[in-house]
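Visitor: A structural model of the following input is requested.
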Amino acid sequence: MNEQQRTNRNISSGVIAAVSAAVVAVSGGVAWLTSQTPQTPIPGNPSQSIKQPQQPLTTQPGKEETANIYWLKPTETSFELVPQPIKIAAAQPSQALEAAFETLLAGPTEGTDSTTIPQGTKLLGLKADNNEVHVNLSEDFTSGGGSASMVGRVGQVVYTATSLNPNAKVYIEVNGKPLEVLGGEGVEIEQPLTRKSFKENYPL
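Guide: Next up, the predicted model:
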């Protein structure tokens, strides 16, 4: 009986030694393979992820632009154009000018400033590109008022449209067609209009 127990203990010790040697060999092989295998990025690991290109700051939504809305202020003999600066969150100049015109067409809310743009005039479209501003207004823009009123409203449009670029050329359209004559008194509109040409040809 003792002889059998000694034999079993010897066998068990031999088996344990063999298993241990196999484990060591396998572990060594895995370690060697790991050292030879190129590391690949771990999904979700920020240090291994591809960096996205940064967007230009000029196209960030919400960038503030300061545009001027021009109202008419009565003087002893006529009117003068007075600016009202407003800050508008916009990515492009066209968006800033569109917001400015929407405020202009809504009319003044306080103070002594006034407008000769007929109530109900709507902005049908606006495009600002290559130092040109195209403003498309509804037909209401042409209704009512004498020559002084007509000249005043043209000045409001020209100066508001050029508030971001004072040297821009302005094209006024009504229902998508170039405005050539304004009002019953036939105020001829020579386009394109600029601040300089307005001062020279359409004194208030």
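
Visitor: now do the buried residues in the helix or strand where Glu200 lies.
Guide: Assigned by DSSP states H and E, Glu200 belongs to helix 195-201. Applying a neighbour-count criterion of 16 or more other C-beta atoms under 10 Å, one finds 195, 198 buried in helix 195-201. C-beta here means a position set from N, CA and C on the backbone, and glycine is covered the same way.

Visitor: for that helix, packing partners?
Guide: Applying 3 or more C-beta pairs under 8 Å, 6 or more residues apart in numbering; DSSP states H and E, we find helix 195-201 packed against helix 147-161.

Visitor: same thing but 10 Å
Guide: strand 79-89, helix 147-161, strand 169-174 (3 or more C-beta pairs under 10 Å, 6 or more residues apart in numbering; DSSP states H and E).

Visitor: got the angle for the first one vs helix 147-161?
Guide: Relative orientation of strand 79-89 versus helix 147-161 (axes from the mean of the first three to the mean of the last three C-alpha atoms, to 10 degrees): 30 degrees.

Visitor: what pairs with strand 79-89, and is each one parallel or antiparallel?
Guide: strand 64-74 (antiparallel) (DSSP bridges).

Visitor: low-confidence regions, the chain specifically.
Guide: Flagging of the chain using pLDDT under 70 yields the residue ranges 1-62, 112, 185.
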